[in-house]
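1. sequence first, predicted coordinates after that:
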Amino acid sequence: MVFNLIPLGSGNKGKAPSCKTGWNEPANFDINNQIVKATKPPMYGVLTGTHNNNIVIDYDIYNVPNKNIDLASLKKYHGSGAYIVQTQSGGFHVYHKYHEKFEDWGGATGIEGYIDIRNTGNYVVGGKSPGYKEVSGNIGMLTEMPTEIFGFIDGCIKAKRKAKKKTSTKKTKTVKEMDEEVEKFLEGIDFSGICLDTCYDNKQNFDCDQKGEGTICPCCGGTHTNNNFFYTVSSKGVMLVKNYSEACKYKVLSDYDVVKHFFERMVCRIDDTLNYVVKDGEYNNLYTQSGILERFSHIKYEDAKGEHKFVKVWLDDEDKHSYRTMDFYPEDCPPDVFNTWVPFAASTLKEEGGSPEMFFELLTELTAGDPNDYAKKYLAFLVQKPNTKPTTCLVFTGAEGTGKGRMFYAVKKVFGRHLVTETSNPVQDVFGPNAEAYSQTKLVIMNESNATMNFGNGDRLKALISDEDGLKVNIKYIRPYGIRNLAGSWIAGNSKTLVNSGVSDRRFIIYETGEKFMQNEEYFGRFTEYIDDPRNQKAVYDALMAIDLTDFNLVRDRPTDTEAYKEAKEKCLPRLIKFLEHDIMVDMAYPVGTKFVELNEPGSNAYRCEVDLKAFDEDVGIKATEYCEKFIEWSGEDPKKYNAVKFGIAMKNIIKDHKIPQDVIWKKETKKGVVYLRNRAKAVDWLKKKNFTSREPLMYKELPE
């Protein structure tokens, strides 16, 4: 069994990678494997998780000498056949086969104070490195993780995450607490019996005891026949209080505490980055200190000495409204974290009586060939599990006018524009140095996309789709900040090939849109009216919330048998696989040479020329040098830069990486040099099973005698 390895040798203990950055990217696996094999570094690393189909439990037992953990106890709990490596520090690495159920663990550390999980994105020092010793099992025959071990670790990780919610001395004020502060402001100007009521048109209504003859109005000094008062906040940040009677005059509350209260309902500081957040409706906008000073320079407060600029004083206020950090938490936000999450728009609607049918009708047409309703469940996953990142991406290919744009419009109506980022300029908004498309959103839609852009930014795109550790956002003029990446991804364009859906890629779900509503302006007009109705928005949201996601897995259940997926995958095959497919399916159909046969006529030395045809299931050889020349001619490689040695290395790697059976194609040393043997029948069967070809092999033409 072949494992993906990396060379180690840097760092204090020589356990850090000595190769280039990006050692965890599949594009670098081959070169790093070759480095390990060729240079034989003193230490090497074994990638963990999906990249090697393994998971490693790291027991740092030197941290807990009283646990009495040794090889015998580990074999007892993990099984006698478990592959175990003793580390140079006296701990143990226990390997098991990888399963999707381990995805939620991530690279958890410090379990019970001495257990670390080495998962996808991690590595461990290999068992044959200096100071390390293989003490049990075989790395080529990994065992399943016992149920008891899984249950123990899974329970510990969940408990640890729950306990990790940090507390803070600065507690977010509840609505009740904010209302109580307002009541104190009103009581300070002699209101009594205050009862806050509804808020309408930026006016907060309240009832009080200031009614009737003999009761003086704190605002105008007169009396009123009703006790219906309201307050509003002016653009300058002061509180204006008034009775609904036309005779009443506004009472202005403009001292520092009042202005601060209403200012901090929309502004706070983030301590770890010294950025400032301003709530602008459904959006959170970030500013530096200079930006806050400029935006709110008009806000003032008054005291006995006169009028003052508010923001300058507030910036020096040690008790200003602030949070330790900022993040995106649809659920379970720690109290000292400013939460940028704003609920789905349709979840707050009260309208009833709508229908989701037209929405799902269009979605079904755009995902033709998706009998398992994966796209529908994908949307349901987004709304039902907002705190979990989907790690796959829907790709919509098809001509203009099929309804992709109308569907994106509808999703924004249901989710809210604050939770959907749609861009027709991904180079800037997704891949650019100041891109923030994946910040504080649940769905990123890259419209008008193309293969050149996506292939060129392939590593970045795949990381944004599947990265669950969060991302660093570097907005221009704002201090960089980290935030959780919980966004799903959709890509749309008119080309049939939009993404590099390689052989082993598990990220992309590719659809070719149907043409039932192609350029049907009447239908799309009705659809727009339909989705603009809040009743239908609420109906779609409710329908998505009602979809049963029991046992639904984004990776395992992705549709891979659609024609669009097969075609895209075939186009994105490695170049050498494409060459082998061409050789097997086309070139081997033609004569491979000629041979001269004696006529055996008396007194004659004559020969006849016969076409050397090969049977479909016959092993056919070709010299390695000729095979290389054939590849150069097919691929257009520069013969001066590409030689038989490079071709041989590439063939060796492609055979190993794709586990091409030895009876399909293999290399053989002969007296006349190296020969590649191919069995066409078995090769065709292998290509079909791997979905590496969609065509039938060309067959021999009958030749005249």
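-> Sure thing, it's come through.
2. from here on, contacts and neighbour counts on C-alpha atoms
-> OK.
3. now do A568, the pLDDT please.
-> Looking at A568, its pLDDT reads 66.
4. ok, and what's touching the helix or strand harbouring F185?
-> In the assignment (DSSP states H and E), F185 maps to helix 175-187. The contact list for helix 175-187, computed with Cα atoms under 8 Å, 6 or more residues apart in numbering, reads S192, I194, L196, V258.
5. okay, that helix in CSV with CA atoms only?
-> Extracted in CSV, the C-alpha atoms of helix 175-187 (Å, rounded to 0.1, in the frame of the first residue of the first chain):
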residue,chain,number,x,y,z
VAL,A,175,-33.3,43.8,25.5
LYS,A,176,-34.8,43.8,29.0
GLU,A,177,-31.7,45.4,30.4
MET,A,178,-31.6,48.0,27.7
ASP,A,179,-35.2,48.9,28.2
GLU,A,180,-34.6,49.3,32.0
GLU,A,181,-31.9,51.8,31.2
VAL,A,182,-34.3,53.8,29.0
GLU,A,183,-36.9,53.7,31.8
LYS,A,184,-34.2,55.2,34.1
PHE,A,185,-33.6,58.0,31.6
LEU,A,186,-37.3,58.8,31.6
GLU,A,187,-37.7,58.5,35.3
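6. which elements pack onto the next helix or strand after it?
-> Downstream of helix 175-187, the first helix or strand assigned by DSSP H and E is strand 195-200. If you count contacts as 3 or more Cα pairs under 8 Å, 6 or more residues apart in numbering; DSSP states H and E, strand 195-200 packs onto strand 203-207.
7. just checking: what are the partner strands of the strand it packs on?
-> Here strand 203-207 is paired, per DSSP bridges, with strand 195-200 (antiparallel), strand 228-233 (antiparallel).
8. of all these, which one is nearest A346?
-> Closest to A346 of the strands paired with strand 203-207 is strand 195-200 (Cα to Cα; 20.7 Å).
9. starting at the chain centroid, how far to that closest one?
-> In terms of Cα atoms, centre = their mean, to the nearest Å, the centre of strand 195-200 is found 43 Å from the chain centre.
10. may I see the buried residues of it?
-> By neighbour count with 16 or more other Cα atoms under 10 Å, strand 195-200 contains the buried residues L196.
11. what does that strand rub up against?
-> So strand 195-200 is contacted by D179, Q204, N205, F206, D207, C208 (Cα under 8 Å, 6+ apart).
12. mind running it again at 6 Å?
-> N205, F206, D207 (Cα atoms under 6 Å, 6 or more residues apart in numbering).
13. kindly report the same for stretch 488-495.
-> 390, 393-399, 442-449.
14. give me that answer again for 8 Å
-> Under Cα under 8 Å, 6+ apart, the answer for stretch 488-495 is 382, 389-400, 404, 442-451, 465, 498.
15. output the below-cut-off pLDDT ranges for the stretch 301-450 of the chain.
-> Residue ranges of the stretch 301-450 of the chain with pLDDT under 70: 369, 449-450.
16. tell me where it has helices.
-> Listed in chain order, the helices of the stretch 301-450 of the chain (DSSP state H, counting those that start in this stretch) span 310-315, 357-366, 374-384, 404-415, 426-429.
17. CA-only coordinates of the third one in CSV, if you can.
-> Which is helix 374-384. Written as CSV, here are the backbone C-alpha positions of helix 374-384 (Å, rounded to 0.1, in the frame of the first residue of the first chain):
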residue,chain,number,x,y,z
TYR,A,374,-29.4,16.5,-3.7
ALA,A,375,-29.7,20.2,-4.5
LYS,A,376,-32.9,20.5,-2.5
LYS,A,377,-31.3,18.7,0.5
TYR,A,378,-28.3,21.0,0.1
LEU,A,379,-30.5,24.0,0.6
ALA,A,380,-32.2,22.3,3.5
PHE,A,381,-28.8,21.6,5.0
LEU,A,382,-28.0,25.3,4.9
VAL,A,383,-31.1,26.4,6.7
GLN,A,384,-31.4,23.4,9.1
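18. now find how far off-centre it is within its chain.
-> That offset, for helix 374-384, works out to 15 Å (Cα atoms, centre = their mean).
19. which residues are contacting that helix?
-> Contacts for helix 374-384 (Cα under 8 Å, 6+ apart): 344, 360, 363, 367, 388, 390, 394, 442, 488, 541, 544-545, 547, 549, 554, 557-559.
20. how far does stretch 658-671 stretch from start to finish?
-> 29 Å (Cα to Cα, to the nearest Å).
21. T50: what's its closest spatial neighbour, skipping adjacent residues?
-> Here the nearest residue to T50 in space, its sequence neighbours aside, is T120; by Cα to Cα, 6 or more residues apart in numbering that works out to 5.7 Å.
22. could you do I292 as well?
-> Y276 (7.3 Å).
23. before we move on, what SS does that neighbour have?
-> Going by DSSP: H, G, I helix; E, B strand; the rest coil, the secondary structure assigned to Y276 is strand.
24. could you pull up the residues touching it?
-> Y276 neighbours (Cα under 8 Å, 6+ apart): V267, C268, R269, I270, L286, Y287, T288, Q289, I292.
25. what's the neighbour count on L573?
-> 18 (other Cα atoms under 10 Å).
26. same question for the one 10 residues further on.
-> D583 has 19 neighbouring residues, counting by other Cα under 10 Å.
27. just checking, it is part of a helix?
-> Yes. Using three-state DSSP, the assignment for D583 is a helix.
28. in CSV: the contacts of helix 175-187, plus pLDDT and distance to I531.
-> Conversion of the contacts of helix 175-187 to CSV gives the following (pLDDT from 0 to 100; distance: Cα to Cα, whole Å):
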residue, pLDDT, distance to I531
S192, 92, 47
I194, 91, 42
L196, 89, 36
V258, 96, 42
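29. can you tell me which of the residues you listed is nearest P130?
-> V258 (67.9 Å).
30. quick one: contacts for K413?
-> A345, A346, I531, D532, Q537.
31. distance of the residue nearest to T50 relative to G107?
-> Counting by Cα to Cα - T120 and G107 are separated by 7 Å.
32. among these two, which residue is more densely surrounded?
-> T120 (22 against 18).
33. tell me, how many residues neighbour C156?
-> For C156, using other Cα under 10 Å, the count is 16.
34. name the residues of stretch 82-95 that come out as buried.
-> A82, Y83, I84, V85, Q86, T87, G91, F92, H93, V94, Y95.
35. stretch 657-676 now?
-> Buried residues in stretch 657-676 (16+ other Cα under 10 Å): V664, I665, W666, K667, V674, V675, Y676.
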